[in-house]
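S.K.: Model the structure of this input:
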Amino acid sequence: MKTIRVVAAVIKENNRIFATARGYGDYKGMWEFPGGKIEPGETPQEALRREIQEELTADIDVGELIYTIEYDYPAFHLSMDCFWCTVKSGELTLLEAADSQWLSKDELYSVDWLPADLELIEQIKLGWDKQFEDIEHKTLSYYNQNAASFIAGTQSVDFHDTQDLFLSFLPQESSILDFGCGSGRDTRYFLEKGYHVVATDGSEELCKVASAYTGVQVRKLLFQELQDENCYDGIWACSSILHAGRTEQPDIFRRMILALKKQGYIYTSFKYGAFEGFRGERYFTDFDEAAFRDFIRAFPELTIEKMWVSADVRPERSNEKWLNIILHKSIIS
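M.R.: Below you'll find the model as predicted:
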């Protein structure tokens, strides 16, 4: 029996995976993971990046191999290498598939899978927690367990130049969301300047300490739980959303856009570079100027007001670089 070698992408984002319904052939309407044949001279990873570009117009990062499916269809034997993937740039646009869905772990059996793809579902379930939950849980555990030392290293740091630059874009006494407030350093500074501040953090321990330090009740809130709409003149996301994965960033930015009032501003910062992954116990997504400009094109509501690279303000880390961005939300006609 003839063997056909193919690759498949299990594209992940925000605790969901991407599936498509076949738009042609004997199995039209059945569901599968996007991908295709490996051409001569290609590695499986190269083939997968090409196939997703051709089928869905997006550029992807190909991660670890999940499983190789060996399955006998009536007319051929299928050998399919299946990889965890994330969208690097662009939007997933259907050029060949009839439909698509983002599926949560509980929804994996809600569609009618092709027989070969069905074999992959149990492997996906086995790896689900490692792929989706470690990032958030491990990072939050670090802050809960190391709250005292983290606060000691950040609370007294002089960050006035950047704070004052951000405030220069806002009306006096306007409203600010300190989104991932950490030690409460910036919330307290903004309050002292006469601004109205709502502070949030995902770490329970940091919420306790920041509440005591600032005198306001800090809301325990994960980035993906923000549901405020048209509430804030400014959002301060200083060294915070960098702990979310690259595939989670679009959803977080959409939530921030909704939470901003018309003509509002966002300040955010990332470690400078192209790295994504764990540094010690914390997960980081880095950006440089080119990568961030490419990323922000997906949000026409936002324009870059100012972007600059700075050294870490902590003397012992002065060799580390940061990408700082101030974004302006404008009205789209």
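S.K.: in terms of contact, does W128 touch D106 like I think?
M.R.: No - between W128 and D106 there is no contact under Cβ atoms under 8 Å: 10.5 Å. Where C-beta positions appear, they are placed from N, C-alpha and C, glycine not excepted.
S.K.: who's more crowded, these two?
M.R.: Neighbours per residue, other Cβ atoms under 10 Å: of W128 and D106, the larger number sits with W128, 16 against 7.
S.K.: And for the nearest residue to the more buried one once chain neighbours are set aside, the neighbour number?
M.R.: Spatially, and ignoring its direct neighbours in sequence, W128 is nearest to K105 (5.3 Å; Cβ to Cβ, 6 or more residues apart in numbering). Using other Cβ under 10 Å, the number of residues around K105 comes to 14.
S.K.: Next one: the most centrally placed residue in the chain relative to N324, how far apart?
M.R.: With distances taken as Cα atoms, centre = their mean, E248 lies nearest the centre of the chain, 2.1 Å away. For E248, the distance to N324 equals 21 Å [Cβ to Cβ, to the nearest Å].
S.K.: In contact with F278, which residues?
M.R.: K138, F284 (Cβ atoms under 8 Å, 6 or more residues apart in numbering).
S.K.: on that earlier part again, tell me the pLDDT of the residue nearest to the centre of the chain.
M.R.: Confidence at E248, expressed as pLDDT, is 84.
S.K.: Relative to L170, how far out is it?
M.R.: Distance check for E248 against L170: by Cβ to Cβ, it reads 27 Å.
S.K.: all helices of the stretch 51-200 of the chain, in order?
M.R.: Using DSSP state H, counting those that start in this stretch, the helices of the stretch 51-200 of the chain run over 115-145, 147-154, 160-167, 185-192.
S.K.: Can you say which of these is packed in most?
M.R.: Ranked by mean neighbour count, the helices of the stretch 51-200 of the chain are led by helix 185-192 with a mean of 21 (mean count of other Cβ atoms under 10 Å).
S.K.: That helix - contacts with which helices or strands?
M.R.: helix 160-167, strand 175-179, strand 196-201, helix 204-214 (3 or more Cβ pairs under 8 Å, 6 or more residues apart in numbering; DSSP states H and E).
S.K.: how about those, which one is nearest G264?
M.R.: Proximity to G264 (Cβ to Cβ) singles out strand 175-179 among the helices and strands packed on helix 185-192, at 9.2 Å.
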